[in-house]
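Participant: predicted model follows, preceded by the sequence.
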Amino acid sequence: VRDRKFILDCLINGLRRLEYRGYDSAGLSVDNCPFDVDDFVPKEYAPVIIKAQGKIDNLLEEVNCVLRAKSLLRDEKFPVHNGIAHTRWATHGRPEPRNSHPHTSGPGNDFVVVHNGIITNYKELKQLLIKKGFEFESDTDTEVIPKLAKMLFDESPVHLSFVHLVMEVMKHLEGAYALIFKSTHFPGQVVACKCGSPLILGIKEQLDEKESALKLKTSHHSPRRLDDRPVEFFLASDASAVVEHTKSVVVLEDDDVVHVDRGNYNMYRVDHAATQGLSLRSVGREIQTLDMEVEQIMKGQYDHFMQKEIYEQPESIMGTLRGRVKYFPETDIATLVKDAEQGKLADAFGTIHLGGLEGTNSTTIRRSRRLILIACGTSFHAALAARPVMEELVQIPVMLELASDFMDRQAVVFRDDTAVFLSQSGETADTLQALQYAKRNGAFCVGITNTVGSAISRSTDCGVHINAGAEIGVASTKAYTSQIVAMTLVALKLSEDSISKKERRQEIIRSLLLLPQAVTRALDVQPQILDLSQKLVQEQSLLLFGRGYQFATALEGALKVKEVALMHSEGILAGEMKHGPLALVDEQLPLIVLATRDRLHSRQQSVIQQLRARKGNLIIMCSEDDDELGALAEEGCTVLRVPTVADCLQSIVNIVPLQLLSYHLTVLRGHNVDQPRNLAKSVTVE
């Protein structure tokens, strides 16, 4: 038995955990009063629906107002209750209460729905429903769903169960969706389904420790019920919303339907191969244990999640490396790091162990015609940063594709290609579409994600989890650096049989030992970055020049400044400077040049001289021991010195000051660091 206060707190707190996925409006639906689950709910006791524009705090204020207006008591007890809530990232319709979820079937709220995704055929469905007499209140694609459910329910010649009604709704929908339904016609029940968008079911039962351990070792098939013990179910788009309640979850797959009814849950799968239309068949899904702690999704001592995640990078990089690099002679990591700092590891060597790429998987990749790296946004930049070392070590042509452009072009994919898909969430819509396209064309598919059990993890032939830990800030930081590390490990693994690359491989493997400490030292530039941010806070534009491994750093640094500081910034390939960008250079425009030591260092020195000749406002990032460039600080240039690691890992170190710059610029300009305007963390719609 739970009271209304607990139910509302649970829904509101869950939305706060998901607010990074969308935050321009929010809403929830709770039961008006306790009722007998065997009865139809009278209209006067229809579910209460509360919506608000803006952040979750605005919804909380609206909830308090509605409770007072309707004289609903917070301490009213519910033996059975189903509440649903939603935080929105606007795709159809402005961020207004009328466009917020939950959406209903009309007066009486017979059917109530929340939706994550996009319904592509909603216009056709809307026209049909208007002809049937339905009136629409919103501009969204979602509102057609509850109205479609009511139409099918009212017109059915036989009484449909809730599950079969939802299946009938699914027949008519095109696009991507995760849906949760509740209805006054089916009190005490909730049905959820998914196709393309993420959805998990959390299960919390009152068990002793011995029983819990036993049950999590087995796969459970529906229906599930443990005697008469209380049980709570949590449906969510992301594990962060349920981890404070339970770590026992079921990850739904596409075309799965889950039915929750009075302490039972039943899992079904829509069978598209049925001879007479769609049909449902019961399936079992394994209960998994979340590898996540509540502390990981809390800010702790930091002011913002982005700040926390920037400073967590030494640990997140270690998380990516842990158990995957074995050094000889064998000793503890601390001793190895100390020896590496003192240059005593010249004769040491290491091997790479990636469980997903062991055996025939790595052989298949090495025999490929091409490697195609496919990603979006920051993940694309990580792929760009790793491409040179993959080409160098693996000696296979490496193509790089933006997932959206890859699909727009319907790019040519061969059966002997290997396609590598990078996504922090593992649910990125464009990347998932590209994955399905590559699979249809027979390519071998590899996933690199930060989310165990994600759609990309389940759909690829093999893969590598980057193990960076939960990342809440919309602007990706630690996931980016861990993706580069993971891609470097893949390159090292695939080249382990190469004799000609042996010395180069060991140089990189030894440098991996020093990487976490190098990132820690790079964080020490924070006071200098804060001073620089104060100088740049009123600027309207920023250019970053990089080449080789540092072109990706320039692009990613520019993206971070755009995302959170809302300042125009552009990453430019330094070799293209004379082909247009040089015209922008004057004494006011701030220019960042990435000139750490690598084989292209002399060319970057030339770029710096050309920009100085035009009186450019220069900010130079160079290696700690580069006294020549360091001396430019006395000539009015701002010089940022960073530690040196292997050239293929240097981009990981170099991005840290730029992450700090974007963070401090955002704070100084008064913008929201963790929830930048118009953006969301996981882009699960096109």
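Facilitator: Structure's in. What do you need?
Participant: what kind of secondary structure is the residue most central in space within the chain in?
Facilitator: Among the residues of the chain, the one closest to the centroid is Ser425, at 3.0 Å (C-alpha atoms, centre = their mean). What DSSP: H, G, I helix; E, B strand; the rest coil gives for Ser425 is coil.
Participant: distance-wise, check it relative to Asp405.
Facilitator: 20 Å (C-beta to C-beta, to the nearest Å). All C-beta spots, glycine's among them, are computed from the backbone N, C-alpha and C.
Participant: same check on Ser541?
Facilitator: As judged by C-beta to C-beta, Ser541 and Asp405 stand 26 Å apart.
Participant: repeat that for Ser533.
Facilitator: Distance from Ser533 to Asp405, by C-beta to C-beta: 33 Å.
Participant: looking at these two, which is more packed in?
Facilitator: Ser533 (20 against 13; other C-beta atoms under 10 Å).
Participant: contacts only, for that one.
Facilitator: Neighbour list for Ser533: 661, 664-665, 668 [criterion: C-beta atoms under 8 Å, 6 or more residues apart in numbering].
Participant: try 6 Å this time
Facilitator: 664-665, 668 (C-beta atoms under 6 Å, 6 or more residues apart in numbering).
Participant: Serialize those residues to CSV and add fields for pLDDT and neighbour count.
Facilitator: Output for those, formatted as CSV (pLDDT from 0 to 100; neighbours: other C-beta atoms under 10 Å):
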residue, pLDDT, neighbour count
His664, 97, 22
Leu665, 97, 25
Leu668, 96, 15
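Participant: mean confidence (pLDDT) on stretch 531-549, please.
Facilitator: For stretch 531-549, the mean pLDDT works out to 95.
Participant: got it, and stretch 314-321?
Facilitator: 93.
Participant: could you look up the SS state of Gly14?
Facilitator: Put simply, Gly14 is helix when judged by three-state DSSP.
Participant: what sits against the closest residue to it other than its chain neighbours?
Facilitator: Using C-beta to C-beta, 6 or more residues apart in numbering and skipping the chain neighbours, the partner closest in space to Gly14 is Ala241 (4.3 Å). The neighbours of Ala241, taking C-beta under 6 Å, 6+ apart as the test, are 14, 17-18.
Participant: want to try CSV for the residues you listed, with neighbour count, pLDDT and distance to Asn617 as columns?
Facilitator: As requested, the contacts of Ala241 are arranged in CSV below (neighbours: other C-beta atoms under 10 Å; pLDDT from 0 to 100; distance: C-beta to C-beta, whole Å):
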residue, neighbour count, pLDDT, distance to Asn617
Gly14, 26, 92, 47
Arg17, 21, 85, 42
Leu18, 24, 83, 41
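Participant: ok, so of these, who is nearest Val144?
Facilitator: Leu18 (23.5 Å; C-beta to C-beta).
Participant: part of a helix, is that closest one?
Facilitator: Yes - Leu18 sits within a helix when classified using three-state DSSP.
Participant: gap between it and Leu252?
Facilitator: 16 Å.
Participant: for Leu201, see how far away the nearest residue to Gln189 once chain neighbours are set aside is.
Facilitator: Sequence neighbours aside, Asp261 is the residue nearest to Gln189 in space, at 4.6 Å (criterion: C-beta to C-beta, 6+ apart). Counting by C-beta to C-beta, the separation of Asp261 from Leu201 is 13 Å.
Participant: picking that back up, could the contacts of Ser533 go into CSV alongside distance to Gly571 and secondary structure?
Facilitator: Shown next, in CSV, are these (distance: C-beta to C-beta, whole Å; DSSP: H, G, I helix; E, B strand; the rest coil):
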residue, distance to Gly571, secondary structure
His664, 19, helix
Leu665, 16, helix
Leu668, 22, helix
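Participant: out of those residues, the closest to Ile529 would be?
Facilitator: Closest to Ile529, out of all of the contacts of Ser533 and judged by C-beta to C-beta, is His664, at 6.0 Å.
Participant: can you pull the contacts of the closest one?
Facilitator: Counting by C-beta under 6 Å, 6+ apart, His664 touches 530, 533.
Participant: wasn't Phe233 part of a strand?
Facilitator: Yes - counting by three-state DSSP, Phe233 is located in a strand.
Participant: quick check, it in contact with Asp261.
Facilitator: No - using C-beta atoms under 6 Å, Phe233 is not in contact with Asp261; the gap is 10.1 Å.
Participant: any low-confidence regions in the protein?
Facilitator: Within the chain, the ranges that satisfy pLDDT under 70 run 21-22, 35-44, 206-228, 272-278, 295, 329-349, 682, 684-686.
Participant: wait, Leu354 sits on Lys493?
Facilitator: Yes - if you go by C-beta under 6 Å, Leu354 and Lys493 touch, sitting 5.1 Å apart.
Participant: which residue is the nearest non-sequential neighbour of Phe162?
Facilitator: Among residues not flanking Phe162 along the chain, Phe186 sits closest, at 4.2 Å (C-beta to C-beta, 6+ apart).
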